[in-house]
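Asks: this one's structure only:
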């Protein structure tokens, strides 16, 4: 399975479920989006890529449609 990685920017609220089930917001700013063709998309952020979340593809597409996640490449 091929994985494609894209540079992106979070520009509005994008939620993910953190450990313990609490909803958290991915911080505004640069991130990477890894697509593997499945039902989940990995979003990676932080100065050294130290934080990540796996989001359902439908949630990522909704964030893109709302302009809260912008692919840069």
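Replies: That came through fine. Every value quoted in this text rests on a predicted model; they were computed, and no experiment measured them.
Asks: Could you look up the SS state of residue 16?
Replies: Under DSSP: H, G, I helix; E, B strand; the rest coil, residue 16 falls in the strand class.
Asks: let's have the chain start at 246 instead
Replies: Sure, I'll start counting at 246 from here, so that last one is residue 261.
Asks: count of neighbours near it?
Replies: 17 (other Cβ atoms under 10 Å). In short, each C-beta sits where N, CA and C put it, glycine included.
Asks: The one 5 residues further on too?
Replies: Per other Cβ under 10 Å, the neighbour tally for residue 266 reads 6.
Asks: Could you list the low-confidence segments of this structure?
Replies: For the chain, the stretches with pLDDT under 70 are 246.
Asks: Show me where it has its helices.
Replies: Assigned by DSSP state H, the helices in the chain fall at 302-310.
Asks: can you pull out the strands in it?
Replies: Secondary structure of the chain (DSSP state E): strands at 249-255, 260-262, 268-270, 274-280, 285-290, 296-301, 314-316.
Asks: out of those, deepest packed?
Replies: Among these, strand 285-290 has the highest mean neighbour count (mean count of other Cβ atoms under 10 Å), at a mean of 19.
Asks: who touches the one residue sitting closest to the centre of the chain in this structure?
Replies: Nearest to the mean C-alpha position of the chain, counting by Cα atoms, centre = their mean, stands residue 288 at 3.1 Å. Residue 288 makes contact with 253, 255, 259, 261, 271, 276-279, 297-300, 305, 314, according to Cβ atoms under 8 Å, 6 or more residues apart in numbering.
Asks: is it in a bridge, and if so with what?
Replies: For residue 288, the beta-bridge partners are residue 278, residue 298 (DSSP bridges).
Asks: What separation do you get for the closest residue in space to residue 272 that isn't next to it in sequence and residue 247?
Replies: Leaving aside its sequence neighbours, residue 272 sits nearest to residue 290 (Cβ to Cβ, 6 or more residues apart in numbering; 6.3 Å). Counting by Cβ to Cβ, to the nearest Å, the gap from residue 290 to residue 247 is 23 Å.
Asks: now residue 267
Replies: Residue 267 is 33 Å from residue 247, where distance means Cβ to Cβ.
Asks: and what of residue 256?
Replies: On the measure of Cβ to Cβ, residue 256 and residue 247 end up 27 Å apart.
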